[in-house]
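Student: my questions are about this predicted structure, shown below with the sequence.
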Amino acid sequence: MPPSKYDKYHKRSPEELHDFIKKLAFQALETAEERLPLYLEVGVKNAKNILDVGCGAGFVSRDLANLTKGYVLGVDGSQHLLQVAQQTLKNNKHAMILQADAHHLPIKNNSFEIVTCNLLLMWADNPQKVVSEMARVTKPGGRVLASLEPDYGGKIHYPENSYVDPLFAGEAIRKKGGDPHIGRKLRALFTHAGLTTKIGIGNNRIWTCQEDKNYYSHSRDFYIKVMRDAGLSQKHIDQWEYEYLRSLDEGTQLNFFPQFYAIGNKPKT
């Protein structure tokens, strides 16, 4: 069933939601090498139950279900994305879904061994409330994992472009209601939730120019739309694209922005 109204949980209009789902699928694929080591570190393989908060279309929940011997419950507020998740997970006996707001999880205290989220907190209206809820439903001695949360304030891009760079350094995220600097806040969020916390950067490898080019060819429509929505003229967009692709072909382009992770241990007592 197509979306009938603006999706408040993922801050996308019905027209944007289809492209957003395609982006989520590609995003899950491209970030797997960063997320999977974190899943192993927190003990996903031997966990009896895992809660994936903000599961969206279910692509990350599927990764979790394929790694564990236990079961995975994916929770999301968007009924439209959960319809997709139901199809994504239909062949996996280890996975289930539930519609619920991450700020108010309808789950008893101390229920899950591992509670995860991925690229969720940057879009949360109250990220501290979400992390506190994740900690609440985690069993004593269990773990809370935010696998990837970006910080666009640390984005590095060269060659620079004064028209376009600010858009992809956080302006576009902020205009949609997100927090482009959520990564630097993870330690505070987890600590205030009563968790003993480890912070790290998941994406230590800088992509080659060919990898950047492959990603751009897949995501070009998204880039162009962001620039148009920001009011850039077609002339500026064409000039930017020409210079960007030329630098990739010349092998001089460099893109990096940090994506932080947090692992929180809930005290046993």
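Tutor: Noted; the coordinates are in hand. Since the structure is predicted, the reported quantities are computational estimates derived from the model, not experimental observations. Numbering: from 1, shown residues only.

Student: count the residues that sit near Arg184.
Tutor: Arg184 is flanked by 14 other residues according to other C-beta atoms under 10 Å. All C-beta spots, glycine's among them, are computed from the backbone N, C-alpha and C.

Student: wait, what's in contact with it?
Tutor: Asp151, Gly153, Phe260 (C-beta atoms under 8 Å, 6 or more residues apart in numbering).

Student: now do Thr208
Tutor: Contacts of Thr208 by C-beta under 8 Å, 6+ apart: none found.

Student: over to Ala146?
Tutor: Contacts for Ala146 (C-beta under 8 Å, 6+ apart) come out as Thr116, Cys117, Asn118, Leu120, Leu121, Val131, Leu186, Phe190, Phe260, Tyr261, Ala262.

Student: please narrow those residues to those residing in strands.
Tutor: Thr116, Cys117, Phe260, Tyr261, Ala262 (DSSP state E).

Student: of these - the most surrounded one?
Tutor: Comparing these on neighbour count, Thr116 comes out first with 28 neighbours (neighbours: other C-beta under 10 Å).

Student: sorry, back to before: may I ask which two of the ones in strands among the contacts of Ala146 are separated the most?
Tutor: Thr116 and Phe260 (14.6 Å; C-beta to C-beta).

Student: hey, where'd the strands end up in this protein?
Tutor: Under DSSP E, the chain gives strands at 49-53, 71-76, 95-99, 112-117, 138-150, 156-158, 196-201, 254-256, 259-265.

Student: quick check: mean pLDDT of the longest one?
Tutor: So the one you mean is strand 138-150. Average pLDDT, strand 138-150: 96.

Student: pull up the pairing partners for it, direction included.
Tutor: The pairing partners recorded for strand 138-150 under DSSP bridges are strand 112-117 (parallel), strand 259-265 (antiparallel).

Student: ditto for the third one
Tutor: In the sheet containing strand 95-99, its partner strands are strand 71-76 (parallel), by DSSP bridges.

Student: ok now the partner strand, how far from the chain's centre?
Tutor: 16 Å (C-alpha atoms, centre = their mean, to the nearest Å).

Student: likewise for stretch 74-88?
Tutor: Centroid separation for stretch 74-88 versus its chain: 15 Å, with C-alpha atoms, centre = their mean.

Student: using CSV, write out every CA atom in that stretch.
Tutor: What follows is stretch 74-88, C-alpha atoms only, in CSV (Å, rounded to 0.1, in the frame of the first residue of the first chain):
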residue,chain,number,x,y,z
GLY,A,74,12.6,-4.9,14.8
VAL,A,75,10.8,-1.8,16.1
ASP,A,76,9.9,1.2,14.1
GLY,A,77,7.2,4.0,14.2
SER,A,78,6.6,4.1,10.5
GLN,A,79,3.9,1.7,9.3
HIS,A,80,5.0,2.4,5.7
LEU,A,81,8.6,1.2,6.3
LEU,A,82,7.4,-1.8,8.4
GLN,A,83,5.4,-3.0,5.4
VAL,A,84,8.6,-3.1,3.5
ALA,A,85,10.4,-4.7,6.5
GLN,A,86,7.7,-7.5,6.6
GLN,A,87,8.7,-8.4,3.0
THR,A,88,12.4,-8.0,3.8
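
Student: low pLDDT regions in the stretch 51-200 of the chain?
Tutor: For the stretch 51-200 of the chain, no stretch has pLDDT under 70.

Student: for the longest helix belonging to the chain, packing partners?
Tutor: Longest helix of the chain, by residue count under DSSP state H: helix 209-229. Packing partners of helix 209-229 (3 or more C-beta pairs under 8 Å, 6 or more residues apart in numbering; DSSP states H and E): helix 14-30, helix 171-175, helix 234-250.

Student: good, we can wrap up now.
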